[in-house]
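>>> Give me a 3D structure for the following:
(one chain, ligands or ions: 1)
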Amino acid sequence: MNDINKQNINKKNIDFFSKNSNYQDNINQIDTYKILYNEITKMVKDTNLLLDVGHGGSFDYDTTKVRKIVGLDLDEMIEKKAIPKNVKLEIGSALQIPKQLINFDIVLFVMLIHHLVGNNVNENLENLNKCIEESKKALSKNGNLIIVESCVPKWFYNIEKLVFKPTSYLINKFMKHPPAFQFTKEIISETLVKHGFKDIKLKNVRQGKFILQYGIKFPTVLTPVQTIIFSAKI
Ligand SMILES: C[S@@+](CC[C@H](N)C(=O)[O-])C[C@H]1O[C@@H](n2cnc3c(N)ncnc32)[C@H](O)[C@@H]1O
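So this is what the prediction gives:
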């Protein structure tokens, strides 16, 4: 992907998510994200040092249960006064995690991976590999990567692959929300194995009546997505 396209995708993400109180309110109010809040909190509680990549200013877990959180995103994403006291913000990309961000007990990607799109499906897959490889550099010796992601079944993935180029072009042109690309849970698991992660566990999260699709509140029954929490040890 050339630099101009990369900048465009980054700019679309910043323009949509940065200080987007509507998105942040949706995360606080929609049932699926309330369920996720509890599930993620269970997994991160009592962590000493956590890196939340693509936090979007919404931190969908109880931040008071973690000692120190570093939030990395393409922009600060949240009003300074709304940042929890134990959170420090850094600006940068999941595809090139800043070198100083090391020794984290947990690296957390919540609803990030489907945003790491390139110009075509191969570039999307490259970005999936890249962010997982980058997480390894940020993790401590016994660190844990936690990925919370909306995954799609294989039949939907095959359609998504076919239509990705025209739909992402149209979304870029006509929608405020950035283009997205969802993987199957098998592809994410295989990528973790390929990058040497061990003890990989998957949990299907119960979804509520509503879910966000392209930033729009949608009845869950009308979408094929399944929210999965992956955890993997370095
Ligand atoms: C759907 S939001 C998720 C926000 C939050 N984690 C949550 O679950 O509510 C996706 C976030 O990923 C961020 N993002 C997109 N591309 C990124 C990249 N290359 N590096 C870091 N963050 C990125 C966006 O800016 C946005 O804040």
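
>>> list the contacts for the residue nearest to V110 when sequence neighbours are not counted?
Spatial nearest neighbour of V110, excluding adjacent residues (C-beta to C-beta, 6 or more residues apart in numbering): V148 at 4.4 Å. (C-beta placed from N, C-alpha, C; glycine too.) Residues near V148 by C-beta atoms under 8 Å, 6 or more residues apart in numbering: L36, I40, D60, L108, F109, V110, M111, V205, T227, I228, I229, F230.

>>> Secondary structure element holding V148?
Here V148, judged by DSSP states H and E, is contained in strand 139-151.

>>> between whichever helix or strand comes after that strand and strand 139-151, how big is the angle?
Where DSSP H and E defines the elements, the next helix or strand beyond strand 139-151 is helix 154-174. Helix 154-174 runs at 90 degrees relative to strand 139-151, counting by axes from the mean of the first three to the mean of the last three C-alpha atoms, to 10 degrees.

>>> helices and strands around helix 154-174, which ones?
helix 121-138 (3 or more C-beta pairs under 8 Å, 6 or more residues apart in numbering; DSSP states H and E).

>>> what about the helix it packs on, distance to the chain center?
Chain-centre distance of helix 121-138: 12 Å, with C-alpha atoms, centre = their mean, to the nearest Å.

>>> Extract the C-alpha set from it and format it as PDB.
Extracted in PDB, the C-alpha atoms of helix 121-138 (Å, rounded to 0.1, in the frame of the first residue of the first chain):
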ATOM      1  CA  VAL A 121      -7.400  -8.700   0.400                       C
ATOM      2  CA  ASN A 122      -3.700  -9.600   0.300                       C
ATOM      3  CA  GLU A 123      -2.800  -6.300   1.900                       C
ATOM      4  CA  ASN A 124      -5.500  -6.900   4.600                       C
ATOM      5  CA  LEU A 125      -3.900 -10.300   5.300                       C
ATOM      6  CA  GLU A 126      -0.400  -8.700   5.400                       C
ATOM      7  CA  ASN A 127      -1.700  -6.200   8.000                       C
ATOM      8  CA  LEU A 128      -3.200  -8.900  10.100                       C
ATOM      9  CA  ASN A 129       0.200 -10.600  10.200                       C
ATOM     10  CA  LYS A 130       2.000  -7.300  10.800                       C
ATOM     11  CA  CYS A 131      -0.100  -6.300  13.800                       C
ATOM     12  CA  ILE A 132       0.300  -9.700  15.400                       C
ATOM     13  CA  GLU A 133       4.100  -9.600  14.800                       C
ATOM     14  CA  GLU A 134       4.200  -6.100  16.200                       C
ATOM     15  CA  SER A 135       2.400  -7.100  19.400                       C
ATOM     16  CA  LYS A 136       5.200  -9.600  20.200                       C
ATOM     17  CA  LYS A 137       7.700  -6.800  20.400                       C
ATOM     18  CA  ALA A 138       5.500  -5.000  23.000                       C
END
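
>>> Good, wrapping up.
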